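**Q** For reference, the sequence and a predicted model appear below.
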Amino acid sequence: MEQLKNAFYEVMYKYEKSFSEHGVMANLRAWETAKAPLLTLLRKHPAWQEEAKAVVIEFSEGRGIERDVVDEVSFAMLQIADEVIPEDERPAFLTAFRAAVGEYSSTLPEEALEIIRNSGKIKCASGQKTSRIIGRLCRQFHVDAHSQYNKVFAQLSDALNPLQLQKTAVLSLHPCDFLEMSSKSNTWTSCHNLSSGSYQAGALSYMTDDVSMIFFTVDKEVKDHFYRAPRRTRQMFFLKDCMLYQSRLYPDDSDEITKQNRGIVQKIITTCMEVPNRWVLKTKRDELSECCESGEGSRQYPDYHYQGNLSVLKGTEIQNPIVIGAKPICVCCGSHNRLSHGLKCNCEDQVVCQDCGRTVPRNQTRYMENAFHCNACLHICAVCGSVIHDTMYPAFDRRGNAVEICFDCYHASLEPCAACSVQGVCRIIGNSLCARTAIRHTA
Ligand SMILES: [Zn+2]
Ligand SMILES: [Zn+2]
Ligand SMILES: [Zn+2]
Ligand SMILES: [Zn+2]
């Protein structure tokens, strides 16, 4: 719980939110109780990561190079080449062209490049795109003069450039993944974002109900602390008994990605349930209107009323409606928050000092270096008067009193002294021998 609490604080600091230890713990206890059955279920998955509170799966999005498509388009290209290239030049073109397409690869090995250089009389270097090399080859033999050339060449380029994106899919129950469901680190945001979202309390509602799971994809480089990473796509899923509801895909609705995400989540759920992965999909709105309900007092935006679909495990029936969202709990006072556009109610603004961990009134703190610090934990430099949250350096004023000064002033105070022959002694007596020390000026 300590780890989750610190992660929760981290998100509150990121968005400069008011919060108290009491309010955060009230949310985390509600989360723990409500999500207990889902946690138990998802923990059964071999790809469950306890620290991330999520099932984490790597997958590749897109398609590979399809050989028959390459063959088909290559044939079309050779046909138009035949119409343009004089007969005596055709064998040279054919040899070079075959070397280029015959690897079924977006780049070519040296052997193939050598053949292309010799027969095609063009320059080509390893690492260059196969499609670029073919383009150059076709220009060399004036195939590009043919009226069909551009169209066929575009098809061939597509066929030789596979869209293979390695991604990481995360089906999460981590509290911070709900808080960051519309992270400001994304290239997009929705109404649930914590900066200014009009439904931001909805993130708390999803976090503390017993059906919501958050699914998102991140770049494959992200290996942990998924809540910190920009979400490429995000989609809410709700699980109740044998019913799995898939809500709207963010940021863009795409049937293809929705289908892919559903496939991943269905498989995760049936793996955990230890049942065959067979579902009946319901997509008609009139069939779906009854299956989802917003929980009383919940504050999430009800996408599921307008978009989404329901998977029902084969052999089971639609039962009671899935009740989505809990009453959000104020992150400051820990009582029921009735406001949608914030994480807290109208109670006093409080924050937790990052240094001492005490909950203090917000107006007795400063936000510096991405966190709140209480006045007691901040220092005032005896020279420049800046409020400092950093290491302080000991010095003496002219009267010989010990004072604390900031890094910059410390260094400034040493500078005139650097050439001083009695530097060590001089420091102890507060640089009072040196004419221009900063500390002496102010003391
Ligand atoms: Zn409150
Ligand atoms: Zn403090
Ligand atoms: Zn200073
Ligand atoms: Zn000196």
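**A** Structure's in. What do you need? Ligands and ions are numbered 1, 2, ... in the order given.

**Q** what domains does the record give for this protein?
**A** Residue ranges for the domains of the chain, per automatic domain parsing: 2-61+166-324, 67-160, 379-442.

**Q** Out of these, which gets nearest to Arg362?
**A** Nearest of the domains of the chain to Arg362, taken as CB to CB: domain 2-61+166-324 at 5.5 Å. C-betas here are computed from N, CA, C, even on glycine.

**Q** mind checking the end-to-end distance for that closest one?
**A** 27 Å (CA to CA, to the nearest Å).

**Q** where do the strands sit along the stretch 1-150 of the chain?
**A** Applying DSSP state E, counting those that start in this stretch to the stretch 1-150 of the chain gives strands spanning 48-49, 54-62.

**Q** highest average neighbour count across the domains of the chain?
**A** Highest mean neighbour count of these: domain 2-61+166-324, a mean of 18 (counted as mean count of other CB atoms under 10 Å).

**Q** as a whole number, average confidence for that domain?
**A** The pLDDT scores in domain 2-61+166-324 average 93.

**Q** residues touching Tyr206, list them.
**A** Residues near Tyr206 by CB atoms under 8 Å, 6 or more residues apart in numbering: Phe178, Met181, Ser212, Ile214, Met236, Gln300, Ile324, Gly325.

**Q** Can you give me the end-to-end span of stretch 115-131?
**A** Per CA to CA, the first residue of stretch 115-131 is 16 Å away from its last.

**Q** Identify the residues contacting it?
**A** Against stretch 115-131 from outside (CB under 8 Å, 6+ apart): 92-93, 95-97, 99-101, 103, 105-110, 113, 133, 136-137, 140-141, 153, 156-157, 160-161.

**Q** ok so, going back, out of the domains of the chain, which comes closest to ligand 2?
**A** Checking the domains of the chain against ligand 2 by CB to the ion gives domain 379-442 as the closest, at 9.9 Å.

**Q** Of all the domains of the chain, which one comes closest to Phe372?
**A** domain 2-61+166-324 (6.8 Å).

**Q** So Thr168: helix, strand or coil?
**A** strand (DSSP: H, G, I helix; E, B strand; the rest coil).

**Q** Please tell me how far it sits from Asp219.
**A** Thr168 sits 7 Å away from Asp219, going by CB to CB, to the nearest Å.

**Q** Looking at the domains of the chain, which is nearest to ligand 3?
**A** domain 379-442 (3.1 Å).

**Q** measure the nearest residue to Lys44 once chain neighbours are set aside to Lys129 for me?
**A** Leaving aside its chain neighbours, Lys44 sits nearest to Cys272 (4.4 Å; criterion: CB to CB, 6 or more residues apart in numbering). Here the distance between Cys272 and Lys129 works out to 43 Å (CB to CB).

**Q** Please apply the same query to Arg98.
**A** Following CB to CB, the distance that separates Arg98 from Lys129 is 18 Å.

**Q** Equivalent analysis for Cys242, please.
**A** Distance, Cys242 to Lys129, by CB to CB: 49 Å.

**Q** Next: Leu39.
**A** 47 Å.

**Q** Same check on Ala376?
**A** For Ala376, the distance to Lys129 - CB to CB - is 62 Å.

**Q** Do a quick rundown of the helices in the chain.
**A** Residue ranges of the helices in the chain, as given by DSSP state H, are 2-14, 21-42, 67-84, 90-101, 110-120, 130-140, 149-160, 175-179, 201-207, 255-273, 285-288, 407-414, 423-428, 438-442.

**Q** for the ones you listed, which one sits closest to Cys347?
**A** Across these, closest to Cys347 is helix 21-42 (CB to CB), at 8.9 Å.

**Q** Bridged to Val280, which residues?
**A** Taking DSSP bridges as the rule, Val280 bridges to Val312.

**Q** Surely it is in contact with Ser311?
**A** Yes: Val280 is within contact range of Ser311, at 7.2 Å (criterion: CB atoms under 8 Å).

**Q** Could you tell me which residues touch both of these two?
**A** Common neighbours of Val280 and Ser311, counting by CB under 8 Å, 6+ apart, are absent.

**Q** Skip the chain neighbours and tell me the closest residue to Asn320.
**A** Lys240 (7.5 Å).

**Q** Please report the distance of the one you found from Gln3.
**A** For Lys240, the distance to Gln3 - CB to CB - is 29 Å.

**Q** what's the answer for Gly357, then?
**A** 15 Å.

**Q** likewise Ala26?
**A** In terms of CB to CB, Ala26 sits 17 Å off from Gln3.

**Q** do the same with Gln260
**A** Separation of Gln260 from Gln3 (CB to CB) stands at 32 Å.

**Q** beta partners of the residue in the stretch 201-350 of the chain that ligand 2 sits nearest to?
**A** Across the stretch 201-350 of the chain, no residue is closer to ligand 2 than Gln350, which sits at 12.7 Å (CB to the ion). For Gln350, the beta-bridge assignment (DSSP bridges) gives partners Pro361.

**Q** my guess is it meets Glu21, correct?
**A** No: with contact defined as CB under 8 Å, Gln350 and Glu21 do not form a contacting pair (9.1 Å).

**Q** and for these two, which residues touch both?
**A** Thr359.

**Q** picking up where we left off before, so which of the strands of the stretch 1-150 of the chain gets nearest ligand 4?
**A** Among the strands of the stretch 1-150 of the chain, strand 48-49 sits nearest to ligand 4 (CB to the ion), with 57.8 Å.
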